[in-house]
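*Asks:* 3D model of this:
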Amino acid sequence: MHPYWLQGILVGMYCLTLLGVPHYAQAVGGRADTQPEPVKNKRAAQPAATSATPAAASPATNGGLDGYTFHAITQDHLLKGTDDPTYWLMYGGNYAGWRFSPLTDINRDNVKNLKAAWMFQTGIPAQMQASPIVADGIIYLTAAYNHLFALDAVTGALLWRYEHELPDDMRVCCGPSNKGAAIAGDLIFMATLDAHVVALNRRTGAVVWNTEMDRYNDGFSATVAPLVVRDNLIVGIAGGEYGIRGYIDSYDINTGERKWRRYTIPEAGEPGSETWAGDSWKHGGAPTWVTGSYDPDEDLLYWATGNTAPDWNGDVRKGDNLYADSVLALDPDTGEIKWYFQFTPHDIWDYDGNTDLFLVNVERSGQMVKALAQPNRNGYVYVLDRASGKYLHGTQYVDNLNWSKGLDEAGRPIVDPQFVPTAEGKEFICPGSVGGKNGSYTAAYSPLTKLMYVPVVESCWQMKKSTSIFIKGIPFWGGGPGKTQGDDGSSYGHLSAIDPSTGEIKWRYQDEYPMMGGALATAGGLVFSGNLEGLALAFDAATGEPLWQFQTGSAMRAQPITYKAGGRQYVAIPSGGGGLAVTLVGEPPLTSKGSALLVFALPE
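*Replies:* Modelled structure (predicted):
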């Protein structure tokens, strides 16, 4: 791979944009007293231009589909998470983000007998990244380019489908993916690549409201799975590579009206603005494209933020650049920042802080502490007191890490000046910009083993620094990767079981290619994941022993779930490769792009 291939892509994208041609680019703690932005010029919900197509059933007299009993999804349902195994109602399974199910019908003793029950093809050969949700015997699955499908959870029959109308000139960094839907009441919610949020009637797929978050042609997009807390639909924004000013929004679940907006970069005069040189804050990035977590006892919403802009050249934005590469603890009803912690101050490696936020209890000096744990893209696992944001400890979880010599007592990385981007970009920097752990896929946590199960990329990169000029709607990278270990085939991956109380790695499964599929843990003593060769995999949660595999036909980039329907446990595993990240870190030479949901069960 030529070291200047990426710069060539950017020039080409710029020219295409000028010509109007569509393009899809594959491309430390403290408190803050700032208040969220008052809702000015509120973007109103608009009627949608598209509608759903019934596929397998007609509306019944109850407004739904024949044979289904619908229950309005309440805050009580969401608080229970996966405790009721007939539901999987949010991206992380529960508010703590665990991606854990109490189901035991499929377990370490019988998983070898797992068979395919049914399969659904989306017909969209592009990166499948979603986590399905399940309610009242129906699976709601999103796919690339903002397609949303309602499927019978037992048979896989297609009930209705929705296709969001998208413009031809979207500004999308790293692939046209979507991470999943959210649910509340009788509505299904999806964020879109043209920076809208849509609400659909979950019985029929009819559009109820459609709200514009921002102008997509200014570089904004939305790929995140929203999170519902009471009547707040929490949605993050993407576009850090285009020099946006990131934010987190709350919308009224019933009307689509925006309730608050929390900018992730303070404007001039606000606390934290002193960490940005000049007016660099206006285009500083800090996107919010991974779903957060919520602690109902503390009534705190936790949301991570991503990379600074320009990505690899920090000369124009000297300072720590708050609140990029951070976690924010917010009041879910107002967006007020209660505390923050920054993982990578003055990020010049594109180490997005957008990865899983696990709400767990850890042992500290003989006491159990309510904590937040995150395997960060920069190669460290961080553990914080989730009530105060106090740094508790951090440990390295990747094999290869050289950009930092360690973490100081406050959790701030001690940067090694040898391993920073330069114009020549001769040094291989570890981890590369993809990670480590990447936010495009999930980890999982089991309260039984008290371990996090983290799929990991091991791929070091050369990182080149170049001149950065901000042009609205054009990538604002300030450099990019040169050679990577994906080029010579020396990259690899692993699934690591990590104790958040100590940082100790209890076991590790190593794979020939980077591990970029999500994870699921169950009370049956199992961990499910998948690899870039298309294998769906199951492991013993205690030992890491591989127990089962199934060839899905395309790379695993999405998030497995499990649920119970008709008295039977099912494991649903989406399959479908693609995206910029895998081409950079290394993928099998015979990879095939697909997009399907495979559902497994034990023989009846």
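
*Asks:* Quick check: the nearest residue to residue 529 once chain neighbours are set aside vs residue 459, distance?
*Replies:* Distances taken as C-beta to C-beta, 6 or more residues apart in numbering place residue 519 nearest to residue 529, at 4.8 Å, with adjacent residues excluded. The way it works is simple: take the backbone N, C-alpha and C, and place the C-beta from them, glycine included. According to C-beta to C-beta, to the nearest Å, residue 519 and residue 459 sit 19 Å apart.

*Asks:* coming back round to it: tell me the contacts of the residue nearest to residue 529?
*Replies:* 99, 441-444, 453-455, 495, 527-529, 559-560 (C-beta atoms under 8 Å, 6 or more residues apart in numbering).

*Asks:* how about those in a markdown table, adding pLDDT, distance to residue 399 and neighbour count?
*Replies:* Shown next, in a markdown table, are the contacts of residue 519 (pLDDT from 0 to 100; distance: C-beta to C-beta, whole Å; neighbours: other C-beta atoms under 10 Å):
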| residue | pLDDT | distance to residue 399 | neighbour count |
| --- | --- | --- | --- |
| 99 | 98 | 24 | 31 |
| 441 | 96 | 19 | 27 |
| 442 | 98 | 21 | 29 |
| 443 | 98 | 17 | 28 |
| 444 | 98 | 21 | 30 |
| 453 | 98 | 17 | 29 |
| 454 | 98 | 13 | 27 |
| 455 | 98 | 14 | 28 |
| 495 | 98 | 13 | 26 |
| 527 | 99 | 20 | 29 |
| 528 | 98 | 23 | 32 |
| 529 | 98 | 18 | 30 |
| 559 | 98 | 24 | 31 |
| 560 | 98 | 25 | 28 |
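
*Asks:* so of those residues, which ones are in strands?
*Replies:* 444, 453, 454, 455, 495, 527, 528, 529 (DSSP state E).

*Asks:* Now residue 584: which helix or strand?
*Replies:* helix 580-585 (DSSP states H and E).

*Asks:* Run through who's touching that helix.
*Replies:* 25-27, 173-175, 432-434, 438, 440, 457, 459, 461, 481, 484-486, 491, 514, 516, 532, 555, 557, 591.

*Asks:* And the next helix or strand past it?
*Replies:* From helix 580-585, the next helix or strand downstream (DSSP H and E) is strand 596-601.

*Asks:* thinking again about what came up before, which of the contacts of helix 580-585 fall in strands?
*Replies:* 457, 461, 481, 484.

*Asks:* how many neighbours does the second one have?
*Replies:* For residue 461, the tally of surrounding residues (other C-beta atoms under 10 Å) stands at 28.

*Asks:* and if you look at the third one?
*Replies:* Here the count is done by other C-beta under 10 Å, and residue 481 has 27 residues near it.

*Asks:* what's the pLDDT at it?
*Replies:* On pLDDT, residue 481 comes in at 95.

*Asks:* how much space between it and residue 311?
*Replies:* In terms of C-beta to C-beta, residue 481 sits 10 Å off from residue 311.

*Asks:* Overlap of the contact sets of those two?
*Replies:* Counting by C-beta under 8 Å, 6+ apart, the residues touching both residue 481 and residue 311 are residue 433.

*Asks:* can you put the contacts of residue 519 in JSON lines and add distance to residue 330?
*Replies:* Putting the contacts of residue 519 into JSON lines (distance: C-beta to C-beta, whole Å) gives the following:
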{"residue": "99", "distance to residue 330": "22"}
{"residue": "441", "distance to residue 330": "24"}
{"residue": "442", "distance to residue 330": "21"}
{"residue": "443", "distance to residue 330": "22"}
{"residue": "444", "distance to residue 330": "24"}
{"residue": "453", "distance to residue 330": "27"}
{"residue": "454", "distance to residue 330": "25"}
{"residue": "455", "distance to residue 330": "28"}
{"residue": "495", "distance to residue 330": "31"}
{"residue": "527", "distance to residue 330": "31"}
{"residue": "528", "distance to residue 330": "31"}
{"residue": "529", "distance to residue 330": "30"}
{"residue": "559", "distance to residue 330": "24"}
{"residue": "560", "distance to residue 330": "29"}
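
*Asks:* Next up, the contacts around residue 105.
*Replies:* 524, 564, 568, 569, 602.

*Asks:* a helix runs through it, doesn't it?
*Replies:* No - counting by DSSP: H, G, I helix; E, B strand; the rest coil, residue 105 is not found in a helix; it is coil.

*Asks:* before we move on, back to that, pick the one among the ones in strands among the contacts of residue 519 closest to residue 377.
*Replies:* residue 454 (11.5 Å; C-beta to C-beta).

*Asks:* That closest one is in contact with residue 499, isn't it?
*Replies:* No - in this structure residue 454 lies outside contact range of residue 499 using C-beta atoms under 8 Å: 11.4 Å.

*Asks:* Tell me where the stretch 1-150 of the chain is predicted with low confidence.
*Replies:* For the stretch 1-150 of the chain, the stretches flagged by pLDDT under 70 are 1-64.
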